[in-house]
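S.K.: How does the following fold in three dimensions:
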Amino acid sequence: QADHVLAMQLRRLAALERQKIVDELAEVELIIEDLKDILAKPERQRAIVRDELAEIVEKYGDERRSRIVAATGDVSEEDLIARENVVVTITSTGYAKRTKVDAYKSQKRGGKGVRGAELKQDDIVRHFFVSSTHDWILFFTNFGRVYRLKAYELPEASRTARGQHVANLLEFQPEERIAQVIQIQTYEDAPYLVLATAQGRVKKSRLTDYESARSAGLIAINLNEDDRLIGAALVNEGDDILLVSQFGQSIRFTADDEQLRPMGRATAGVKGMRFRGDDQLLAMSVVRDGEFLLVATSGGYGKRTAINEYSTQGRGGLGVVTFKYTPKRGRLIGAVAVDEDDEIFAITSAGGVIRTVVNQIRPSSRATMGVRLVNLEDGVELLAIDKNVEEEGEEAAEAVAKGDVDGPAERAQKKGQE
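M.R.: Purely as a prediction, here's the structure:
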């Protein structure tokens, strides 16, 4: 056969090779036409998928040989996650993250710190605290529901990252927003939880009533129509609560069982404060003597008043004047319990964030008109005020990172060894 090939003329060899290429081209063109026909006819596509699935079933349709059984022992997925300290950051618009506490080790004590999260112009860090990865983070929403996550379930991100929106982490309903965030190690951290709504209702329940594994959240308080949750706080027997309304009324009462008896979780609470006209509750704080109440109006006015000027009384009343309302100055848009060395963020409708140090605002009595807190341009209003929790939180994170103090992870470990 080799001799026969060698005896062939070069012309015949070239013709033979050309014919082979022509035949291959014809085969490829037929395949192309067939594939185009498949793409053009959904019924052929379904038939091919059906035939291929039937072939797979025929070939691999025997019974499973390996057995799937429950893991032996008491090791859970959480047991495999290291208990370590992290910094949890949650912004006013709902972005959340966790950052390793070591990221704050380079902070110089007494300095201004390094740049924090890169947020939108009208967003601020509202919650900033050191947590163990195994601590619970409770999210209370305006719909009167409470959700929970372990700190390790929050996305890990750098100091400058914004994080991920909690609506992507929790099963929020449309228009549901965070009203308050509380960090706990266990549901024994405090005896009671107090909730407050815009219509002036308050409720004290045992914190242990809220322990549940439901991912869709729990009803924290039954809301009346058009009502919403505005605040949540952990309280001990004998703590004082201060309620402040949008028209400048306030009431302070003790959260003992006489004034505020414990109620079940899915209840509506009791009347904490009554209102005139269309006034409604703006804020709730757990307060102590030595602090100040800082209030601000939509017109940019505000003042700070010593907490001890607000005497305790029975709940359910109209309260006393904390700021004299006038249409020019506007309604109250924020009321925060502060210390003298705190810093305040003021957010405007123009998207700006203005910083003000509390001790630069002269203390005034409860019944005074207040002073100009922020200079606003025409058509611009003040939308909200809040404490700058980031700077204080960074100092705490630095101390934990350097080992100057025990963090939540170390405290939990020591408690478990006792």
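
S.K.: going forward, measure contacts and count neighbours with C-alpha atoms only.
M.R.: Will do.

S.K.: ok, which stretches of the chain are helices?
M.R.: Using DSSP state H, the helices of the chain run over 2-7, 10-40, 42-60, 389-401, 408-417.

S.K.: Return the most buried member of the ones you listed.
M.R.: helix 389-401 (a mean of 20; mean count of other C-alpha atoms under 10 Å).

S.K.: I'd like the mean pLDDT over that one, please.
M.R.: Across helix 389-401, pLDDT averages out at 72.

S.K.: Also stretch 206-214?
M.R.: pLDDT averaged over stretch 206-214 gives 84.

S.K.: Can we start the residue count at 35 from this point?
M.R.: Done: numbering now begins at 35, and the last item shifts to stretch 240-248.

S.K.: For it, which residues meet the burial criterion?
M.R.: Judged by neighbour count (16 or more other C-alpha atoms under 10 Å), stretch 240-248 contains these buried residues: 240-242, 244.

S.K.: Please apply the same query to stretch 191-199.
M.R.: 191, 193, 196-199.

S.K.: So which of the helices of the chain is nearest residue 219?
M.R.: When the helices of the chain are compared by C-alpha to C-alpha, helix 442-451 sits nearest residue 219, at 7.9 Å.

S.K.: What average pLDDT does that closest one get?
M.R.: Averaged across helix 442-451, the pLDDT comes to 68.

S.K.: ditto for stretch 390-404
M.R.: 84.

S.K.: can you list the residues that contact it?
M.R.: Residues from elsewhere that reach stretch 390-404 (C-alpha atoms under 8 Å, 6 or more residues apart in numbering): 335-340, 343-344, 355-358, 372-380, 407.

S.K.: Just the buried residues of those.
M.R.: Here, 16+ other C-alpha under 10 Å leaves 335-340, 344, 355-358, 372-373, 376-380, 407 buried among those.

S.K.: So which of those residues sit within strands?
M.R.: Among the buried ones among the contacts of stretch 390-404, the members falling in strands (DSSP state E) are 335-340, 355, 372, 377-380.

S.K.: shaky segments in this structure?
M.R.: Applying pLDDT under 70 to the chain picks out residues 35-48, 50, 101-111, 138-156, 247, 249, 424-426, 447-452.

S.K.: what do you get if the cut-off is 80, keeping everything else the same?
M.R.: Across the chain, the ranges flagged by pLDDT under 80 are 35-53, 95-114, 135-159, 193-194, 246-250, 385-387, 401-403, 422-452.

S.K.: out of the ones in strands among the buried ones among the contacts of stretch 390-404, which one sits closest to residue 118?
M.R.: Distances from residue 118 to these, taken by C-alpha to C-alpha, are shortest for residue 377, at 29.3 Å.

S.K.: what's the burial count for the nearest residue to that closest one once chain neighbours are set aside?
M.R.: Nearest residue to residue 377, sequence neighbours excluded (C-alpha to C-alpha, 6 or more residues apart in numbering): residue 391, at 4.4 Å. Neighbours of residue 391 under the rule other C-alpha atoms under 10 Å: 14.

S.K.: State the number of residues packed around the closest residue to residue 309 other than its chain neighbours.
M.R.: In space, residue 309 comes closest to residue 352 once its chain neighbours are excluded; the distance is 5.9 Å by C-alpha to C-alpha, 6+ apart. Residues lying near residue 352 (other C-alpha under 10 Å) number 15.

S.K.: Verify the stated contact: residue 352 with residue 308.
M.R.: Yes - assessed by C-alpha atoms under 8 Å, residue 352 is found in contact with residue 308 at 4.9 Å.

S.K.: ok, how many other residues are close to residue 354?
M.R.: 16.

S.K.: List the contacts of it.
M.R.: Residues counted as contacts of residue 354 (C-alpha under 8 Å, 6+ apart) are 283-285.

S.K.: List just the nearest of these to residue 113.
M.R.: Scanning the contacts of residue 354 for proximity to residue 113, where the rule is C-alpha to C-alpha, the winner is residue 285, at 46.0 Å.

S.K.: coming back round to it: make TSV out of the buried residues of stretch 191-199 and add distance to residue 126.
M.R.: Listed next are the buried residues of stretch 191-199 as TSV, based on distance: C-alpha to C-alpha, whole Å:
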residue	distance to residue 126
191	18
193	17
196	12
197	13
198	13
199	11
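
S.K.: Widest-spaced pair of those residues?
M.R.: Checked with C-alpha to C-alpha, the buried residues of stretch 191-199 reach their widest spread between 193 and 199, with 15.9 Å between them.

S.K.: Look at residue 383 and say how many residues are nearby.
M.R.: Using other C-alpha under 10 Å, residue 383 has 15 neighbouring residues.

S.K.: Could I get the contacting residues of it?
M.R.: Counting by C-alpha under 8 Å, 6+ apart, residue 383 makes contact with 414-417.

S.K.: out of these, which are buried?
M.R.: 415-417.

S.K.: Tabulate these in a markdown table, adding columns for distance to residue 427.
M.R.: Output for those, formatted as a markdown table (distance: C-alpha to C-alpha, whole Å):
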| residue | distance to residue 427 |
| --- | --- |
| 415 | 29 |
| 416 | 25 |
| 417 | 24 |
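
S.K.: contact partners of stretch 208-223?
M.R.: The contact list for stretch 208-223 (C-alpha under 8 Å, 6+ apart) reads 128, 161, 165-166, 168-177, 241-242, 244-245, 263-267, 446.

S.K.: Emit the ChimeraX select command for whichever of the residues you listed are buried.
M.R.: To isolate the buried members of the contacts of stretch 208-223 in ChimeraX, using 16+ other C-alpha under 10 Å:
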select :128,161,165,166,168,169,170,171,172,173,174,175,176,177,241,242,244,263,264,265,266,267,446
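
S.K.: Since that was my last question, I'll sign off now.
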